[in-house]
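Peer 1: how would this look folded up:
(one chain, ligands or ions: 2)
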Amino acid sequence: MERAAPIAERVLGIESSCDEMAAAVLRSGRHVLSNVVFSQDEVHAPYGGVVPELASRDHARVVSAVAEAALAEAGVGLDDLDGIAVTAGPGLVGSLLVGLSFAKALAYRAGCPLVAVHHLAGHLAAAELADPGLAAPYLGLVVSGGHTALYRVEADVEPLLLGQTLDDAVGEAFDKVAKLLGLGFPGGPAVSRAGGLGNCRAVDFPRPMAKKSGLDFSYSGLKTAVALEVKRRGGAEAMSETDVADVAASFEAAAVESLLVRARRALRQEGLRQIAVVGGVAANRRLREELETAGDRDGFGVSFPPPELCTDNAVMIAAAGARLLGRGESDGLELSAFSRVPVGQTPWRGGSP
Ligand code: KG4
Ligand code: ZN
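Peer 2: Ligands and ions are numbered 1, 2, ... in the order given. This next block holds a predicted model:
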């Protein structure tokens, strides 16, 4: 019988890489004892995007209460913890440092090991936690406000990057299009809701990188095409609700199609039969439906974590951290945050940043 990989027992995860402060307790790498997420949507809504300075200030305001709530909800004291896992990058440095400094102080006080987790490795760990049928090797598609990337995921090694966006992330494109259409922040759910009422063939937006081979993505051209279309119609204020819905639906169709084309190409190229989609944009209904239809037709498995594990959370950090701690890995209190870190590199453990 195959032996299960060693896993740390009770792990507190802390995530603060962008505009969510989150803490969670996980038992045996599988059982979610608590999952607390404090979102800053209201802080950033007036600006139509995340303001880094405001994000770190608000994190500092709530970090202690969020961690306390996660421990209380789990019924776990500091002395019961077998480890603390914290996001060290990539992300906004000011935001990361709040969670990181707090995690260091807690680990010192609790006398337990501290381990740094790569934010995207965390997103992928959420997919495995949510779907026990998901087994390496598989294709990981990370789609969020900061990332659009494809990874080959193998057991017990860091995921291998196959392709990524050359400019904007797909979630960022959703957020910018929402702003252009006057739909508010965060943009993804708003564009998706509006688009649900529109005609996705109303505007023939360019399919990003349609004629390019390879597995990289690009969203700045599509974003510019939407901006020109909105301008041509006299701006969001001059557009009817139907016009807004049609543009939103047409943008969503183009954005999703480019994800689909590259995901299928990567599955073929790598000889993989399963894909897991993680990150905030994995909550998108159109993406879910189209990928599931393609999977049924072409015979590959599709795994989406539930929405609360798709967007930033600390369960995913605890899950990735429990494995690292189980393998005997940990980091010292000199640990620092990194805004950019390719998956597979661990600058906080002496590698190159
Ligand atoms: O993973 P996440 O919570 O934070 C980052 O690490 O970026 O992702 C947030 C992103 C935002 O850009 C948001 O607009 C997008 O995910 N998003 C969506 C949907 N829900 C969230 N995009 C498209 N459709 C959705 N339903
Ligand atoms: Zn994320």
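Peer 1: Identify the residues contacting stretch 254-273?
Peer 2: Contacts to stretch 254-273, defined as C-beta atoms under 8 Å, 6 or more residues apart in numbering, come from residues 137-139, 141, 143, 148, 150, 152, 162-163, 170, 173-174, 205-210, 215-217, 219, 222, 275, 284, 286-287, 290-291, 294, 298-301. Any C-beta I mention is one placed from the backbone N, CA and C, and that applies to glycine too.
Peer 1: Now list the buried members of the residues you listed.
Peer 2: Among the contacts of stretch 254-273, the ones that count as buried by 16 or more other C-beta atoms under 10 Å are 138-139, 141, 143, 148, 150, 152, 162-163, 170, 173-174, 205, 208-209, 215-217, 219, 222, 275, 284, 286-287, 290-291, 294, 300-301.
Peer 1: Run through the strands of this protein in chain order.
Peer 2: Along the chain, counting by DSSP state E, strands occupy 10-15, 20-27, 31-39, 83-89, 114-118, 138-143, 148-153, 160-164, 274-278, 301-303.
Peer 1: In its sheet, which strands sit next to the third one, and in what direction?
Peer 2: So that's strand 31-39. According to DSSP bridges, strand 31-39 forms sheet pairs with strand 20-27 (antiparallel).
Peer 1: In the strand it pairs with, which residues are buried?
Peer 2: Neighbour-count burial for strand 20-27 flags Glu20, Met21, Ala22, Ala23, Ala24, Val25, Leu26, Arg27 (criterion: 16+ other C-beta under 10 Å).
Peer 1: And for stretch 241-261?
Peer 2: Result for stretch 241-261 [16+ other C-beta under 10 Å]: buried residues 243-261.
Peer 1: just how off-centre is that stretch within its chain?
Peer 2: 21 Å (C-alpha atoms, centre = their mean, to the nearest Å).
Peer 1: That one and ligand 1, any residue contact?
Peer 2: No - applying C-beta under 6 Å from any ligand atom, one finds stretch 241-261 separated from ligand 1 by no less than 7.7 Å.
Peer 1: Please list the residues of this structure that sit near ligand 2.
Peer 2: Proximity of the chain to ligand 2 is confined to Ser144, Asp312 under the rule C-beta under 5 Å from the ion.
Peer 1: quick one, domains of the chain?
Peer 2: Following automatic domain parsing, one gets these domains for the chain: 10-124+310-349, 136-304.
Peer 1: ranges for the helices of this protein?
Peer 2: Applying DSSP state H to the chain gives helices spanning 41-44, 52-74, 93-110, 119-130, 170-180, 187-195, 220-232, 241-270, 285-298, 307-310, 315-326.
Peer 1: Next, the angle helix 315-326 makes with the third one.
Peer 2: Read that as helix 93-110. Computed with axes from the mean of the first three to the mean of the last three C-alpha atoms, to 10 degrees, the direction of helix 93-110 lies at 50 degrees from that of helix 315-326.
Peer 1: which non-adjacent residue is nearest the residue nearest in space to the middle of the chain?
Peer 2: Per C-alpha atoms, centre = their mean, the C-alpha nearest to the average position across the chain is that of Gly279, at 2.7 Å. With C-beta to C-beta, 6 or more residues apart in numbering as the criterion, Gly279 has its nearest non-adjacent residue at 3.3 Å, and that residue is Ser144.
Peer 1: Looks like Ala45 contacts Phe185 (just checking).
Peer 2: Yes - Ala45 lies in contact with Phe185 (C-beta atoms under 8 Å); the separation is 4.7 Å.
Peer 1: what separates Cys310 from Gly75, distance-wise?
Peer 2: Distance of Cys310 to Gly75, computed by C-beta to C-beta, to the nearest Å: 26 Å.
Peer 1: Just want to know which of these two has more residues nearby.
Peer 2: Neighbour comparison, Cys310 and Gly75: the larger count goes to Cys310, with 24 against 10 (by other C-beta atoms under 10 Å).
Peer 1: show me what contacts the more buried one?
Peer 2: Counting by C-beta under 8 Å, 6+ apart, Cys310 has contacts Ala126, Val278, Gly279, Gly280, Ala282, Ala283, Phe304.
Peer 1: ok, now with 10 Å
Peer 2: The neighbours of Cys310, taking C-beta atoms under 10 Å, 6 or more residues apart in numbering as the test, are 123, 126-127, 130, 143-144, 277-284, 304, 316.
Peer 1: ok, which pair from those is furthest apart?
Peer 2: Using C-beta to C-beta, the pair of the contacts of Cys310 lying farthest apart is Asn284 and Met316, separated by 18.2 Å.
Peer 1: pLDDT score for Met1?
Peer 2: Note for Met1: predicted pLDDT of 43.
Peer 1: and the residue of the stretch 51-200 of the chain at minimum distance from ligand 2, how many neighbours?
Peer 2: The minimum distance from the stretch 51-200 of the chain to ligand 2, using C-beta to the ion, falls at Ser144 (4.3 Å). Counted by other C-beta under 10 Å, the residues lying close to Ser144 total 24.
Peer 1: ok, it - contacts?
Peer 2: 18, 119-120, 123, 169-172, 188, 278-282, 310-312.
Peer 1: and with 8 Å instead?
Peer 2: Ser144 neighbours (C-beta under 8 Å, 6+ apart): His123, Ala169, Gly171, Gly279, Gly280, Val281, Asp312.
Peer 1: what's the answer for Asp82, then?
Peer 2: Ala8, Glu9, Arg10, Val11, Cys112, Pro113, Leu325.
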